[in-house]
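**Q** 3D model of this:
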Amino acid sequence: MTEYDEKCSQTSVSEYLECATKLFKNRLENEKIIESKFDDFNLIKTIGKGAFGRVILVNHKSDPKTFLAMKIMKKEQVLRKNNVQHVLNEKRYLAAIRHPFIVHMVYFAKDKCNLYFVMPFAIGGDLFSLLKQKGSLGEFNSKFYSSQLVLALEYLHLLDILYRDLKPENVLIDGNGYIKLTDLGFCKRVVKRTYTMCGTPQYLAPEIILLKGYGKAVDWWALGVITYEMVIGRLPFESDTDRRMYKKITTGHYKVPASFSSDLVDLTENLLQVDLTKRYGNLKNGTEDIKKHRWFRTIDWLALFNRTMESPFRPNYSSPSDTCNFESFSEEKIVGVGCNDNDQTDFSDF
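**A** You can find the predicted model right below:
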């Protein structure tokens with residue numbers, strides 16, 4: 001599997017999107033990823049850990065030179081948190097999506113205890129770690145990452161998919177310094193509106209907090225938040241309690257840093273716009289209002305899409321399996337003992 005749909009032209013972003021949208025829908029409806037077995041993989045090292053389980057660097061025994069990231073989810077936890085539909089959606093989207101700035105599924109496996117999603121390994125770590133290391137990225141460098149997020153969200157929205165959890169932790173960096181949007185657990189296909197309260201508090205759009213029902217515009221709000229954060233190294237909406245922070249979000253109250261250029265101030269105001277009839281990305285011209293904004297005037301969108309632009313930060317690594325850009329975690333036995341074997345109904349669609 002490649003990062004692109006090979007049958008689609010890459011000479012124009014719009015032509016690619018039109019073609020790739022059709023192929024996504026065909027894969028989603030008609031194709032099922034071939035299931036592998038957990039024993040088909042060599043486990044190398046844990047590179048991530050969360051409430052869902054952990055992520056491990058692996059390689060397939062038939063291709064030991066290609067390194068992959070295996071996301072392991074414990075069935076018991078998925079059931080206990082009532083996340084079966086979320087995880088099923090994530091699997092279906094990962095298997096059908098092909099975009100240079102979004103991860104996709106290479107292999108899938110399951111056993112009595114766990115579900116295993118296997119994806120390409122992004123050796124550069126994530127945007128959160130890069131921000132932690134650098135403090136802030138400035139406008140020039142932030143523009144490189146924000147523009148890729150614009151293209152990734154544009155693709156998802158054409159598929160009627162809301163991402164709903166845009167934050168630095170979910171933006172991986174590959175060996176060339178380009179991004180990979182990951183963790184599609186909150187993704188949902190929505191034609192008009194949905195009402196589910198989900199996402200990360202600091203990045204929530206006002207309409208989510210106010211339970212008004214929402215659509216694709218929430219992702220453009222989150223783009224405004226993460227762009228602000230990358231440039232200055234702090235979030236636009238912060239407070240000592242969630243209640244006060246939500247008040248700032250719903251009223252659109254944030255401070256404009258003096259260091260922001262006039263172009264960035266204008267873009268931020270149009271993304272962090274409480275009024276949905278004025279928020280960029282949600283207007284008649286859709287994504288074009290963002291892509292043609294003067295802050296992005298130096299971006300060659302086709303060159304970016306084809307990954308021929310020079311990235312501002314290229315990660316350091318000594319080998320294709322180097323994990324120096326990831327935190328260190330204690331290891332544990334993966335296949336648990338005594339997990340419940342009552343998943344035949346809940347996980348029958350996997």
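
**Q** which non-adjacent residue is nearest residue 57?
**A** Take residue 57 and drop its neighbours on the chain: the residue closest to it by CB to CB, 6 or more residues apart in numbering is residue 44, 4.4 Å away. Placement of C-beta: from N, CA and C, glycine included.

**Q** quick check: that neighbour is in a helix.
**A** No: counting by DSSP: H, G, I helix; E, B strand; the rest coil, one finds residue 44 to be strand, located in no helix.

**Q** and it, what does it touch?
**A** 56, 57, 58, 59, 67, 321 (CB atoms under 8 Å, 6 or more residues apart in numbering).

**Q** including distance to residue 160, neighbour count and pLDDT, could those residues go into a markdown table?
**A** Listed next are the contacts of residue 44 as a markdown table, based on distance: CB to CB, whole Å; neighbours: other CB atoms under 10 Å; pLDDT from 0 to 100:
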| residue | distance to residue 160 | neighbour count | pLDDT |
| --- | --- | --- | --- |
| 56 | 32 | 23 | 97 |
| 57 | 33 | 21 | 98 |
| 58 | 32 | 25 | 98 |
| 59 | 35 | 20 | 97 |
| 67 | 33 | 20 | 98 |
| 321 | 37 | 16 | 97 |
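
**Q** remind me which residues of the chain are low pLDDT?
**A** 1-2, 6, 335-346 (pLDDT under 70).

**Q** where along it do the strands fall?
**A** 35-36, 41-50, 53-60, 63-74, 107-110, 114-120, 161-162, 171-173, 179-181, 188-189 (DSSP state E).

**Q** quick check: which helices or strands does the third one pack against?
**A** Think strand 53-60. Contact here means 3 or more CB pairs under 8 Å, 6 or more residues apart in numbering; DSSP states H and E; on that basis strand 53-60 packs against strand 41-50, strand 63-74, strand 114-120.

**Q** tell me which of those sits most buried.
**A** strand 114-120 (a mean of 22; mean count of other CB atoms under 10 Å).

**Q** circling back: dump the helices and strands packed on strand 53-60 into JSON lines; add distance to residue 302 as well.
**A** Shown next, in JSON lines, are the helices and strands packed on strand 53-60 (distance: least, CB to CB, whole Å):
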{"stretch": "strand 41-50", "distance to residue 302": "33"}
{"stretch": "strand 63-74", "distance to residue 302": "28"}
{"stretch": "strand 114-120", "distance to residue 302": "23"}
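
**Q** so which of these is nearest residue 22?
**A** strand 114-120 (23.4 Å; CB to CB).

**Q** tell me the domain ranges of this protein?
**A** 13-120, 127-305 (automatic domain parsing).

**Q** right, and these - which one's nearest residue 333?
**A** Across the domains of the chain, residue 333 has its closest neighbour in domain 13-120 (10.3 Å, CB to CB).

**Q** how far does the closest one stretch from start to finish?
**A** With CA to CA, to the nearest Å as the measure, domain 13-120 spans 23 Å from end to end.

**Q** mind checking how far that domain is from the chain centre?
**A** 13 Å (CA atoms, centre = their mean, to the nearest Å).
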